[in-house]
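Engineer: prediction below, plus the sequence it came from.
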Amino acid sequence: MTACTIVWLRQDLRLVDNPALHAAAVRGKVLPVYILDDDSPGPWRMGGAQRWWLHHSLQSLAKALAKKGMPLWLKKGDPRIIFPALCQSVGADAVYWNRRYTPWGIAVDKALKESLKEAVEVRSFNGSLLFEPWEVKTGEGNWFKVFTPYWKKCLAQVEIGDSLPVPGGLKSPEKIPEGDRLEDWHLLPTKPDWAGGFRETWQPGEAGAGKQLERFLVSRLSYYADKRDVPVADATSGLSPFLHVGEVSPRQIWCAVHMAAAQEGHLEKPVQKFLSELGWREFSYHLLYHFPELPELSFRREFNAFPWEQNDRYLLAWQKGQTGIPIVDAGMRELWHTGVMHNRARMLAASFLTKNLLIHWREGADWFWDTLVDADLANNSASWQWVAGSGVDAAPYFRIFNPVLQSRKFDPEGEYIRRWVPELAALDKDTIHAPWEKKIRPKGYPEPLVDLYATRDRALQAYQQIKKRG
């Protein structure tokens, strides 16, 4: 009897460099499966922007598999209920998957493995990270809480092999039960359809990931180190949403970047800078694995006593890009239109929310979770806590970004602001960063919600209070 393996796809929606799929193909017949589990994540149920991306990613993957003569079997529900019946129905003697690292993902996978192991072979693989979170340890055998020594340790023990090719000779089982239709999951927005900007900006899917990686290597990598903080420079990789759903693996990116560096000797500086950013992604997963409360609880426990304020009016103005602070509003509007926000603008928007408005970092993390196409639990949680000052290896709380100074430094001509805040397009480069300083109020644009200097002092006083208590 020919072996049959179910491959449970999750954040690995690709054919190239997919360890679980590759190992399954060696055994015999393969059934690729994707399950939409909306219950297990609880409050971290997939957000609207991610659902839009998922629809198109699954559509792309199904087409790629169809060219290989393979179906992509879809089902909505609890995998712990679905898999036992599915294994019996298709005669599967094994279930393979690439590992997840979210708290609920680990819990579901452990439970499923325990329930299936008596009937079928269950194996998991690393298809999402360069380094498993438990592999990188301090000299004392503990987990790292500071990025720089963590990344140095990673680089010291790095052994990144070549990417795995697309499995050849894929064959599916003869009998496959009826699954769901992707359209019936209603992942796309309809009333209203807010995804027009997404469609203009992105091509989800493995093919889109390959094009994005090639575009970065050819036209952006050379000036990445010098221009990545300039919003209008188009110097970032744009790979984060593809990485999040696994349309490209970090190993593919690692290998491609090193190959580019080998061909072009002058790329050493931008390559090292870019790979360190890939390292921050790894570090975020390291933190989430060892501190699974990261999305909910401040790592620095003294922040449990921080006097956060509940102000729905301020929060809504921030979400809509109507704070009256041009660079912050530009970032928030870019997010709404494209599903991403430039990394420098993300820091400024997060700092303004948590330090000038004193609104809890979880409110910002929740909004990003729903609106970012690259919303990743590890990165989102670690980054928000870093800016808020409450996290591991966090920016000191007293480091409060001045959005006006930052705007003048990284968007000196005001091009980024003009693109996303058209109400200010007619202002000159000296005025556009802070119209109120010249007592100018452009039509249709609000006054600043708060005074930046007064709220900075207020935030520092609040920090001193919890510091004394600690």
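Structural biologist: Structure's in. What do you need? Numbering: from 1, shown residues only.
Engineer: just the pLDDT for R419.
Structural biologist: Predicted confidence (pLDDT) at R419: the value is 98.
Engineer: and the longest strand along the chain, which strands flank it?
Structural biologist: Looking across the chain with DSSP state E, the single longest strand is strand 28-36. When sheet partners are counted by DSSP bridges, strand 28-36 sits next to strand 3-9 (parallel), strand 73-76 (parallel).
Engineer: run the chain-centre distance for the shortest one.
Structural biologist: Centroid separation between strand 73-76 and its chain, computed with CA atoms, centre = their mean, to the nearest Å, is 24 Å.
Engineer: pull out the buried positions in that strand.
Structural biologist: W73, L74, K75 (16 or more other CB atoms under 10 Å). Quick note: C-beta positions are derived from backbone N, CA and C, even for glycine.
Engineer: please apply the same query to the first one.
Structural biologist: Neighbour-count burial for strand 3-9 flags C4, T5, I6, V7, W8, L9 (criterion: 16+ other CB under 10 Å).
Engineer: okay if I get those as a markdown table plus distance to F299 and pLDDT?
Structural biologist: Listed next are these as a markdown table, based on distance: CB to CB, whole Å; pLDDT from 0 to 100:
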| residue | distance to F299 | pLDDT |
| --- | --- | --- |
| C4 | 44 | 97 |
| T5 | 39 | 98 |
| I6 | 38 | 98 |
| V7 | 35 | 98 |
| W8 | 31 | 98 |
| L9 | 32 | 98 |
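Engineer: widest-spaced pair of those?
Structural biologist: Farthest-apart pair in the buried residues of strand 3-9 is C4 and L9; separation 16.2 Å (CB to CB).
Engineer: just the C-alpha atoms of the helix or strand of the chain with the lowest mean pLDDT, please, in CSV.
Structural biologist: Every helix and strand of the chain was ranked by mean pLDDT, DSSP states H and E. The lowest is helix 452-469, at a mean of 90. Output of helix 452-469 as CSV, limited to C-alpha atoms (Å, rounded to 0.1, in the frame of the first residue of the first chain):
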residue,chain,number,x,y,z
LEU,A,452,4.0,67.8,22.0
TYR,A,453,6.2,69.4,24.6
ALA,A,454,3.6,69.4,27.4
THR,A,455,2.7,65.8,26.8
ARG,A,456,6.3,64.8,26.6
ASP,A,457,6.8,66.3,30.1
ARG,A,458,3.7,64.5,31.3
ALA,A,459,4.9,61.2,30.0
LEU,A,460,8.3,61.6,31.7
GLN,A,461,6.6,62.4,35.0
ALA,A,462,4.5,59.3,34.7
TYR,A,463,7.6,57.2,34.1
GLN,A,464,9.3,58.7,37.1
GLN,A,465,6.4,57.7,39.3
ILE,A,466,6.5,54.0,38.4
LYS,A,467,10.3,54.1,38.5
LYS,A,468,10.1,55.3,42.2
ARG,A,469,7.6,52.6,43.0
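Engineer: what does it rub up against?
Structural biologist: Outside helix 452-469, the residues that touch it by CB atoms under 8 Å, 6 or more residues apart in numbering are 302-303, 305-307, 325, 355-358, 389, 397-398, 400, 402-404.
Engineer: tell me the gap between it and the middle of its chain.
Structural biologist: Put simply, helix 452-469 sits 31 Å off its chain's centre (CA atoms, centre = their mean).
Engineer: and which of the buried residues of strand 73-76 is nearest to R51?
Structural biologist: For the buried residues of strand 73-76, the nearest to R51 is L74 (14.0 Å; CB to CB).
Engineer: quick check: that closest one touching E178?
Structural biologist: No: using CB atoms under 8 Å, L74 is not in contact with E178, being 10.2 Å away.
Engineer: returning to what we had before: what subset of the contacts of helix 452-469 is buried?
Structural biologist: Counted by 16+ other CB under 10 Å, those give 302-303, 306, 325, 355-358, 389, 397, 400, 402-404 as buried.
Engineer: list just the nearest of the residues you listed to L221.
Structural biologist: P403 (28.7 Å).
Engineer: list the contacts for that closest one?
Structural biologist: Here P403 is in contact with I325, I327, V328, L348, S351, F352, L452 (CB under 8 Å, 6+ apart).
Engineer: for stretch 112-125, give the mean pLDDT please.
Structural biologist: On average, stretch 112-125 scores 96.
Engineer: closest one to L213 out of the buried ones among the contacts of helix 452-469, please.
Structural biologist: Among the buried ones among the contacts of helix 452-469, and counting by CB to CB, the member closest to L213 is P403, at 32.0 Å.
Engineer: so where's the stretch 351-470 of the chain shaky on pLDDT?
Structural biologist: 394-395, 469-470 (pLDDT under 70).
Engineer: just the pLDDT for I160.
Structural biologist: 83.
Engineer: identify the residue nearest L31 in space, chain neighbours excluded?
Structural biologist: Using CB to CB, 6 or more residues apart in numbering and skipping residues adjacent in sequence, the residue nearest L31 is I6, 5.0 Å away.
Engineer: actually V122, not the one I typed
Structural biologist: K113 (4.8 Å).
Engineer: verify the stated contact: that neighbour with E121.
Structural biologist: No: applying CB under 8 Å, one finds K113 not in contact with E121, separated by 10.5 Å.
Engineer: quickly find the element holding Y96.
Structural biologist: strand 94-98 (DSSP states H and E).
Engineer: now the following helix or strand past that strand - C-alpha only, PDB.
Structural biologist: Next helix or strand after strand 94-98 toward the C-terminus (DSSP H and E): helix 103-116. The C-alpha coordinates for helix 103-116 follow below in PDB (Å, rounded to 0.1, in the frame of the first residue of the first chain):
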ATOM      1  CA  PRO A 103       0.900  30.300  22.100                       C
ATOM      2  CA  TRP A 104      -2.400  29.000  20.600                       C
ATOM      3  CA  GLY A 105      -0.600  27.400  17.700                       C
ATOM      4  CA  ILE A 106       1.700  25.400  20.000                       C
ATOM      5  CA  ALA A 107      -1.200  24.300  22.100                       C
ATOM      6  CA  VAL A 108      -3.300  23.100  19.200                       C
ATOM      7  CA  ASP A 109      -0.400  21.300  17.600                       C
ATOM      8  CA  LYS A 110       0.600  19.500  20.800                       C
ATOM      9  CA  ALA A 111      -3.000  18.400  21.300                       C
ATOM     10  CA  LEU A 112      -3.400  17.200  17.700                       C
ATOM     11  CA  LYS A 113      -0.100  15.400  17.800                       C
ATOM     12  CA  GLU A 114      -1.100  13.600  21.000                       C
ATOM     13  CA  SER A 115      -4.400  12.500  19.600                       C
ATOM     14  CA  LEU A 116      -3.000  11.300  16.300                       C
END
